[in-house]
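Visitor: return atomic coordinates for the entry below.
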Amino acid sequence: MPTKAGRFRKARDVGIAILSALSQGVNGPRYAHSILSAYIAAQGSQSQQLPVPSPVRSSQPRIR
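Guide: Numbering: from 1, shown residues only. The predicted model follows:
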């Protein structure tokens, strides 16, 4: 469950992204609409329980 501070940070970040999109000239409103649509869709999908990914061991060695 997200904390209240986390929700405020996310809302702030979305607001900044929307203002940035609106400053892009003629296509700004379209960009802002896309950002808002994605945010609203993500909010709706968070109400469903998502599966927790489990780590899978790879047969390939890690490159360091």
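Visitor: show me what the worst-scoring helix or strand of the chain on mean pLDDT is packed against.
Guide: Sorting the helices and strands of the chain by mean pLDDT, DSSP states H and E puts helix 28-46 at the bottom, at a mean of 84. Using 3 or more CB pairs under 8 Å, 6 or more residues apart in numbering; DSSP states H and E, the elements in contact with helix 28-46 are helix 4-22. From N, CA and C alone the C-beta is placed, and that goes for glycine too.
Visitor: send the alpha carbons of the helix it packs on over as CSV?
Guide: Taking C-alpha atoms only, helix 4-22 is exported to CSV below (Å, rounded to 0.1, in the frame of the first residue of the first chain):
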residue,chain,number,x,y,z
LYS,A,4,0.6,9.4,1.6
ALA,A,5,4.0,10.9,1.0
GLY,A,6,4.5,8.6,-2.0
ARG,A,7,1.2,9.6,-3.5
PHE,A,8,2.0,13.3,-3.1
ARG,A,9,5.4,12.7,-4.8
LYS,A,10,3.8,10.8,-7.7
ALA,A,11,1.1,13.6,-8.1
ARG,A,12,3.8,16.2,-8.1
ASP,A,13,5.8,14.3,-10.7
VAL,A,14,2.8,13.9,-12.9
GLY,A,15,2.0,17.6,-12.5
ILE,A,16,5.5,18.5,-13.6
ALA,A,17,5.3,16.2,-16.6
ILE,A,18,2.0,17.7,-17.6
LEU,A,19,3.3,21.3,-17.4
SER,A,20,6.4,20.2,-19.3
ALA,A,21,4.2,18.6,-22.0
LEU,A,22,2.0,21.7,-22.3
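Visitor: and the contacts of that helix?
Guide: P2, G28, P29, Y31, A32, S34, I35, L36, Y39 (CB atoms under 8 Å, 6 or more residues apart in numbering).
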